[in-house]
Every structure is written in structure tokens, then in C-alpha cells.
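Chemist: The amino acid sequence is not available; the structure is as follows:
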């Protein structure tokens, strides 16, 4: 995966968390993920399609997720509340949407988000696409963004032709 | 002023409702997607509509295009994560009057609402 596709997610999560939650995010060193186990207990998942395909996961330990949702929604919500999943889904939606806007010249769509809650859950991703895990630290605790995307070859060819026309 | 909020996220509707409340707008109807909004719009007769883009069943762009076939005047603000210039142009062409990219601050959303209403009043 092109490293330039990682930085939009870093800037987007910092922008979303600072603007909507007043919660600064410190980003650690990205690493390649091995295995399908989610980083933490609560995962917001969104798919990308079009010129860039793959998936984005925002994964939180339960306590971090509860604190973040409380900041975002203004109320204390347990993980069993439908509004809890709604808030996590909207966060991953905003982070993915902000990042995709940085893919200049690419036509990309994002799916409606899904949220998975449970210890040791697995999220199946495309086997031939590496998943980059970006660790993040906030005053509410740690979380990760997992980015597993690839640019469609047809898109690269089209863009090259357009650029040289 | 009657305001309709269309967003599949209840959290986002609550945030927008809070901003509207601070601006003094309390007569608010909520809808969770374009279809839901179309089913409620006749009875509520909104004077301002805030609409998300990506929603299940009927997305915001389809809603705007559908409503504009019969209603050319009710002001609509698209509030969405879709930040690309091409998307903004697409939404304006479809008939939205203003555009707010998520994430937003309460001040920014408030400004866009004020702008939209001021333009409407100036053209009346």
C-alpha cells in the first residue's frame, strides 16, 4: 500500500476528534497488522469503493469507546445502547469521509458504517491487501485506525492518461 | 421557523438540534433518511431543511433532486462528510442552497444556517 494513503487518515482523525470532541489525538508509529483479530473490543467499520477499495476500522477498548461516545453524544451510553453504536458509526464515517477527500482525482464512495462489539472479535479483510494499524492516544485512552485499501489498477491507468493528455 | 433534520445518525441529529436550539429554532422534525423525510414533509411543511448525503434507503442527493421537482424554494443545507469539490458542485446543481462539511463546529453550522436564512429573506 502506498504510504501516501495513510497520512489522510492521520490528519482526518485528528481533525474529527479535535473539532467534534475537543480531544487531541497523538499518533504513534504505523505497523502492518498480522491476523484478523481486531485491535480492541469495539470496532466501527466502513467500506470504500470506486477508485480506492477496501475497509477502514476504528477500534477502541470498551472504556475508551464509552468515554469518547460520552463526549460526542453528551450522554453516558453503555455499549448495549443502539445510540452507542450510532455514535461510533458516525465517528468512523467522519474520519473516513475526511480522509477520502484527500484522495485527489479519485472517485471514491464510502459505505454506511457497521459497528462490532465484543472481546476478541475478528474482522475479515481482503487477504491480498495489507492492513496498516495506526495507534492513537487520547486523554480518553488508546484507539487504533486500521486501513486496508488499494487503488484500482484501471484507475491508475486512467489517471496517467488524463495527466499526460 | 420549522426545521427538518435528515440524518441516519441520531447522534448527529441531536448535535444539530442542539445548535438549532441555541439559535432559537425549536420547532424541529427529524427523519432518518430521504424516504422517511418525504413521508413527513407534507404534514410538517419545513421552512429549512438540513440533509445528510450518505444514508440508507434514499440518500440525500436523491432526496434533494426529488423534492426540487415539486418544491423549488424551501432552503436546503447539505451537512455531510462528502468534502470533495466535485460533490459540492453536484449538490449545488441538484438544488441545495448551502453546504457544511462534517466535522463542523457549532459556530460554523450556525453561521451557515444564518447565511442561508439571510439570503432567503433578502430575496423575498
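Modeler: Thanks, I have it. Just so you know, these numbers come straight off a predicted model, no measurement behind them.

Chemist: use CA for all of it now, contacts and neighbours both
Modeler: Will do.

Chemist: Please name every helix or strand in contact with the one helix or strand in chain B whose mean pLDDT sits lowest.
Modeler: Comparing every helix and strand of chain B by mean pLDDT, DSSP states H and E singles out helix B:106-123 as the least confident one, with a mean of 90. Using 3 or more C-alpha pairs under 8 Å, 6 or more residues apart in numbering or on different chains; DSSP states H and E as the contact test, the elements touching helix B:106-123 are helix B:10-22, strand B:98-101.

Chemist: Each with direction, which strands does the last one pair with?
Modeler: In this case it means strand B:98-101. Strand B:98-101 sits in its sheet next to strand B:76-80 (parallel), going by DSSP bridges.

Chemist: helix/strand/coil for the residue most central in space within chain B?
Modeler: With distances taken as C-alpha atoms, centre = their mean, chain B has residue B:50 as the residue nearest its mean C-alpha position (1.4 Å). Three states are possible here, and by DSSP: H, G, I helix; E, B strand; the rest coil the one that applies to residue B:50 is strand.

Chemist: If it is in a bridge, with which residues?
Modeler: Per DSSP bridges, the residues bridged to residue B:50 are residue B:5, residue B:77.

Chemist: How many neighbouring residues does the residue lying closest to residue B:9 once chain neighbours are set aside have?
Modeler: The spatial neighbour of residue B:9 that comes closest, neighbours along the chain excluded (C-alpha to C-alpha, 6 or more residues apart in numbering or on different chains), is residue A:86 at 5.9 Å. Other residues near residue A:86 come to 21 when the count uses other C-alpha atoms under 10 Å in any protein chain shown.

Chemist: And residue A:86, which helix or strand is it part of?
Modeler: For residue A:86, the element it lies in under DSSP states H and E is helix A:82-100.

Chemist: the helices in chain A, which residues?
Modeler: When assigned using DSSP state H, the helices of chain A occupy the ranges A:7-21, A:62-73, A:82-100, A:153-164.

Chemist: Mean neighbour count, the ones you listed: which tops it?
Modeler: Neighbour counts averaged per stretch over these are highest for helix A:82-100, at a mean of 24; criterion: mean count of other C-alpha atoms under 10 Å in any protein chain shown.
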